[in-house]
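>>> Need coordinates for the following:
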Amino acid sequence: MREHGEFSLTRQGRLLRFRVKGALNLQTVQHSFDAFKQLVAQLGGQTWCCVSDIREWELFTPECLVLAQEINLWCHANGLTHEAVIVSHALMESISKKARPEEHLVATRYFTNEFDANAWLAEANCACSDQTECCAVGG
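Residues are numbered from 1 along each chain as shown. Next up, the predicted model:
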């Protein structure tokens with residue numbers, strides 16, 4: 001089956017920036033998981049932070065929820081400490097929270113704009129000191 005929806009994932013130092021657009025299917029979510037694994041492996045075990053911009057996300061098919069929860073668990077187990085999630089409305093925030101396991105140990109905050117998300121990460125010492133994009137993948 002073909003992928004539906006799009007994502008991009010970039011890394012700047014220990015900061016990952018994840019953006020999604022459109023309605024995602026299982027293939028696109030799996031591709032994004034593979035991309036996370038690839039970029040996080042480059043960090044050599046260091047902790048990292050993430051900005052997830054889901055303002056253009058049009059949800060995903062039901063079978064994607066289990067994989068999204070698996071991705072969140074994997075990210076925590078592999079060094080994610082803080083995640084700033086940018087949403088366009090409260091319903092999107094509610095659905096995003098369902099993709100996180102009940103015992104989600106990553107510090108997660110929701111924002112409606114990129115400026116506030118970046119400011120919170122900077123306060124948590126997650127700001128990227130190297131503004132050069134090290135790597136980018138997408139689908």
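>>> Direction included, what does the longest strand along the chain pair against?
Counting by DSSP state E, the longest strand found in the chain is strand 48-60. Using DSSP bridges, the neighbouring strands of strand 48-60 in the sheet come out as strand 15-24 (parallel), strand 80-86 (parallel).
>>> And the first one, how far out from the chain middle?
For strand 15-24, the distance between its averaged C-alpha position and the chain's averaged C-alpha position is 7 Å (C-alpha atoms, centre = their mean, to the nearest Å).
>>> Buried deepest among the strands paired with strand 48-60, which one?
Of all these, strand 80-86 has the most neighbours on average by mean count of other C-beta atoms under 10 Å, namely a mean of 21. Where you see a C-beta, it was placed from the backbone N, CA and C, and this is true even at glycine.
>>> Please export the C-alpha coordinates of it as CSV.
Extracted as CSV, the C-alpha positions of strand 80-86 are listed here (Å, rounded to 0.1, in the frame of the first residue of the first chain):
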residue,chain,number,x,y,z
LEU,A,80,13.9,11.7,24.7
THR,A,81,13.6,14.0,27.7
HIS,A,82,11.3,16.9,26.5
GLU,A,83,8.8,17.2,23.7
ALA,A,84,7.1,20.4,22.7
VAL,A,85,3.9,19.6,20.6
ILE,A,86,2.5,22.4,18.4
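>>> what about it, average pLDDT?
Model confidence over strand 80-86, given as mean pLDDT, is 95.
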